[in-house]
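Visitor: Generate a structure from the sequence data that follows.
(2 chains)
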Amino acid sequence: MFVEMLSFDFMQRAFIGGIIVCLLCSFLSFFVVLKRLSFIGVGISHSALGGLALGVMTGLNPFLSAGIFSTLIAWAIGITSKKGKVHEDVTIGIFFSAAMAFGVVLISLSSGYKADLFSLLFGNILAITVEDLWVLAGCGLAVTLFLVLMFKELLAISFGEEIARIGGLPVELLYYGLLTAMAITVVASIKVVGVILVEALLVIPAATGLQLSMNYRWMLFFSLLTGFLSVIFGLLLSYACDLPSGATIVLCAAVLFVLAFLFSPRKGLLVKMFRKG
Amino acid sequence: MHSQNAPVIELDKVNVLMDEYLILEDISFTVESGRFVGIIGPNGAGKTTLLKVILGLVTPTSGEVRLFDAKPEATLKKGHYIGYVPQRIDLDRDLPFSVMDVILMGRVGAIGPLKWFSRKDRADAEKNLRLVELQQCANRPIGELSGGELQRVMIARALSCGSPKMLILDEPTVGVDITHQYAFYELLARLRTDLGLTVLVVTHEVGIISKYADQMICLNRTMHLHCNLAEAMRDHGFDEAARCAFEQMFGIERGQN
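Guide: You can find the predicted model right below:
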């Protein structure tokens, strides 16, 4: 079946695109989980819809406009929650729902794009073009470079922002860099999983990794492995059972998390119960 | 004991206004190199704000601050002289880091960008772990440590900041029992002597800090009293010095009710 699948050009592109997106999201999820940015992730990904709609309305490339829009929203969330007197979860709640509502209103105004709304929300991996793959690769390279080159600095601010600042690190710059990396990753992932489901890939891989190891190196390894296995199994299942691919990938990741949660040697719920019993 | 008595912290008429509240008013004092300084005062007295002013995290509304004869921000950026130990409450113990990881992270700023930890960084981290007598714990996850052990790891982390000249500790012994508190202050006193450090401790525990500190700063909201405890005892007698301390204790109890 695998050979048959890969005989289709669009399936080959789906696999390549899916693997890039899942590995990229898994790598980023490592910091999203360590630094507790998962709700900001929700904010950034949902607001991408507003940016897409804006692009369609103004005739710009919708993905470019979504990238810029999401980055600005990400910064706005960061600034209001750091400088303002409003709690971060409240500002995120306001920003992402408002940006999404903005997107829905714009889309309803434009006549031609409505049919595609579903694929923006939940992805359409089979529609990936060669050009999309190049954009994906470019975004992936930029984000990966940032994460690799700033790895120890990002680790240090995950441990504590204040002590990192006193240690002489440019904490704000790193924080906004991380938010920007999230915005770029979200937009790059829209075709694969859509704006609603991308959040799952920004959280589940590293959450699974954290269940399996208390050493960050192994956590990162298991995080990437979770992402990789999710996209492979997800695409195979969606092909075999004719299921929507983005949602199937996310479900596979969720199943891996539940397995790790139950059976992790160190922290697994069932393992703990057995030890007690 | 310490040859150079150069001032390392200088505050001159510092005022801090936040949301139109005066948090610190007219604070002036100097700390010389090698001192063991206790900052005491009730909750809400501005102790943490004072630390932040010294560390350049809060810019005073008026007045001047010098840290190692430069603006605090400049000292932080290039110096790596300051080891900081935060309140225990600020630490997330669920993070997947070992003791060694945490200590190495204290060095990130000094190493600079685009470089990974070198063998020398690791050797230095191990040395600092030996100084706090936790060399056997290098590979343990921080989540498994006791409160006291974690606190000592944070000191080793602070010592790894590059070339440490000053240790600043924010309420380091909250929730630690009295025996371990003494052991902790003994450790600080030993590090201060062995490494020639200036030590600055913000604390509620007036009784114990007064045994170790040779300079006390008593803060109470907008007022402050800056005294050398030994001098205060000599000039005013033990009762008067103790009264100052007990007043602070009363303040604490009022603040908590």
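Visitor: So which bits of the stretch 51-200 of chain B are right by chain A?
Guide: Selection of the stretch 51-200 of chain B residues close to chain A by C-beta under 8 Å from any C-beta of the partner chain yields B:55, B:57, B:76-80, B:82, B:84, B:86, B:90-92, B:95-98, B:101-102, B:105-106, B:108-111, B:113-114, B:116-117, B:141, B:143, B:157, B:161. Where C-beta positions appear, they are placed from N, C-alpha and C, glycine not excepted.
Visitor: how about 7 Å then?
Guide: Proximity of the stretch 51-200 of chain B to chain A, by C-beta under 7 Å from any C-beta of the partner chain, involves residues B:55, B:57, B:76-77, B:80, B:82, B:84, B:86, B:90-91, B:95-98, B:101-102, B:105-106, B:108-109, B:113-114, B:116, B:141, B:143, B:161.
Visitor: List the ones among those residues that fall in strands.
Guide: Among these, the ones falling in strands (DSSP state E) are B:Ile82, B:Tyr84.
Visitor: from the residues of the stretch 51-200 of chain B next to chain A, which ones fall inside helices?
Guide: Taking DSSP state H as the definition of helices, these contribute B:Leu76, B:Lys77, B:Asp101, B:Val102, B:Met105, B:Val108, B:Gly109.
Visitor: Check the residues you listed and tell me the two furthest apart.
Guide: Pairwise distances across these peak at 24.2 Å for B:Lys77 and B:Asp101 (criterion: C-beta to C-beta).
Visitor: Helices of the stretch 1-150 of chain A, start to end?
Guide: A:2-6, A:9-34, A:38-58, A:62-83, A:88-109, A:117-122, A:130-149 (DSSP state H, counting those that start in this stretch).
Visitor: now do the stretch 151-277 of chain A
Guide: For the stretch 151-277 of chain A, helices defined by DSSP H, counting those that start in this stretch occupy the ranges A:151-159, A:161-166, A:171-212, A:216-241, A:245-263, A:269-276.
Visitor: just these: most buried one?
Guide: helix A:171-212 (a mean of 25; mean count of other C-beta atoms under 10 Å in any protein chain shown).
Visitor: now the angle from that helix to helix A:245-263?
Guide: Between helix A:171-212 and helix A:245-263, the angle comes out at 60 degrees (axes from the mean of the first three to the mean of the last three C-alpha atoms, to 10 degrees).
Visitor: How far does helix A:171-212 sit from its chain's centre?
Guide: Its chain's C-alpha centre and that of helix A:171-212 lie 3 Å apart, by C-alpha atoms, centre = their mean, to the nearest Å.
Visitor: Any residue of it touching chain B?
Guide: Yes - for helix A:171-212 and chain B, the contact criterion (C-beta under 7 Å from any C-beta) is met by A:Leu210.
Visitor: Give me the average confidence score over that helix.
Guide: Throughout helix A:171-212, pLDDT has a mean value of 94.
Visitor: Let me know the angle separating it from helix A:151-159.
Guide: Going by the same axes, to 10 degrees, helix A:171-212 makes 80 degrees with helix A:151-159.
Visitor: tell me, how many neighbours does B:Glu126 end up with?
Guide: B:Glu126 is flanked by 15 other residues according to other C-beta atoms under 10 Å in any protein chain shown.
Visitor: quick one, what contacts it?
Guide: Listed by C-beta atoms under 7 Å, 6 or more residues apart in numbering or on different chains, the contact partners of B:Glu126 are B:Gln135, B:Ala138.
Visitor: Rounded mean pLDDT for the strand or helix carrying it, please.
Guide: When elements are defined using DSSP states H and E, B:Glu126 is found to belong to helix B:119-131. The average pLDDT for helix B:119-131 rounds to 95.
Visitor: Next: stretch A:84-95.
Guide: Averaging pLDDT along stretch A:84-95 gives 85.
Visitor: CA-only coordinates of it in PDB, if you can.
Guide: Taking Å, rounded to 0.1, in the frame of the first residue of the first chain, the C-alpha atoms of stretch A:84-95 are listed here in PDB:
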ATOM      1  CA  GLY A  84       0.100  46.000  30.700                       C
ATOM      2  CA  LYS A  85      -1.900  45.300  33.800                       C
ATOM      3  CA  VAL A  86      -4.000  42.600  32.100                       C
ATOM      4  CA  HIS A  87      -3.300  38.900  32.600                       C
ATOM      5  CA  GLU A  88      -1.800  37.100  29.700                       C
ATOM      6  CA  ASP A  89      -4.600  34.500  29.300                       C
ATOM      7  CA  VAL A  90      -7.100  37.400  29.200                       C
ATOM      8  CA  THR A  91      -5.300  39.300  26.500                       C
ATOM      9  CA  ILE A  92      -4.800  36.100  24.400                       C
ATOM     10  CA  GLY A  93      -8.500  35.300  24.800                       C
ATOM     11  CA  ILE A  94      -9.400  38.800  23.500                       C
ATOM     12  CA  PHE A  95      -6.800  38.900  20.700                       C
END
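Visitor: residue contacts, the closest residue to chain A within the stretch 1-150 of chain B?
Guide: Chain A sits closest to B:Gly109 of the stretch 1-150 of chain B, with a gap of 3.4 Å, by C-beta to the nearest C-beta. By C-beta under 7 Å, 6+ apart, the contact list for B:Gly109 reads A:Gly167, A:Gly168, A:Leu169, B:His80.
Visitor: Save these as CSV, and put in distance to B:Ile40 too.
Guide: Putting those into CSV (distance: C-beta to C-beta, whole Å) gives the following:
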residue, distance to B:Ile40
A:Gly167, 26
A:Gly168, 29
A:Leu169, 30
B:His80, 28
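Visitor: hang on, B:Thr167 is in a strand, isn't it?
Guide: One correction, residue B:167 is Leu, not Thr. Yes - assessed with DSSP: H, G, I helix; E, B strand; the rest coil, B:Leu167 lies in a strand.
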